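3D model of this:
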Amino acid sequence: MPSLQDQLRGLVYSTEHGATCPDCRQPVAECRCAEQAEQARLAALDGIVRIRRETSGRKGKGVTTIDGVPLPETELKSLAKVLKKRCGTGGAVKEGVIEIQGDHREVLKAELESRGYTVKLAGG
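Alright, predicted model coming up:
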C-alpha cells in the first residue's frame, strides 16, 4: 500500500487548502519556494558584477548582459529600469541577469561603479 505522501505526490489542488505548490506541497499562500530560490541565488554570488556583450541566440543582435548583482528580484528590476534609461534603450531581467540592448559596457561599468559595485568586463 503506498504511503500518504506517495498518494499526494501529484496533488496540485486540495478541497481543504485550495491550490498547492507542486514542489513543496504546501498551500500556495504558505509556499516559500520562490524565497528560498532567491536566497540561494544571492548566496551563490561572489560580489563581483560581470558585464559582457553577447550575440548568440539573438540573430546577430548584440546585448549587454549584467550578471552577479547582489539584489533581490524586485530591486534588480528597478536597477534595470534605471540602467535602461541611462543608456536610452530597452532591455529585460531574465533569471537574475539584466539584459540591455546594444553595446553599452563602458557606460554601464561607470554607472555601476558609481553605485559602489565591483565591476569586471567579462568576455571579448
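
and Ala92, how many residues sit next to it?
Counted with other C-beta atoms under 10 Å, residues neighbouring Ala92 total 13. (C-beta placed from N, C-alpha, C; glycine too.)

what is the rounded mean pLDDT of stretch 56-65?
On average, the pLDDT along stretch 56-65 is 84.

who's in contact with that stretch?
With contacts defined as C-beta atoms under 8 Å, 6 or more residues apart in numbering, stretch 56-65 is touched by 51-55, 91, 97-105, 108.

Restricted to strands, list those.
For those, the ones inside strands are 51-54, 91, 97-101, with DSSP state E as the criterion.

how close does the residue nearest the centre of the chain get to Lys81?
Centroid-nearest residue in the chain: Gly96, 1.8 Å away (criterion: C-alpha atoms, centre = their mean). Going from Gly96 to Lys81 by C-beta to C-beta, to the nearest Å gives 16 Å.

All the strands of this protein, residue numbers only.
Counting by DSSP E, the chain has strands at residues 13-14, 18-19, 48-54, 63-67, 91-94, 97-101, 118-121.

for the protein, which spans come out with low pLDDT?
The chain contains residues with pLDDT under 70 at 1-17, 124.

so what does the helix ranked longest in it touch, helix or strand wise?
Counting by DSSP state H, the longest helix found in the chain is helix 73-87. Here helix 73-87 touches strand 91-94, strand 97-101, helix 105-114, going by 3 or more C-beta pairs under 8 Å, 6 or more residues apart in numbering; DSSP states H and E.
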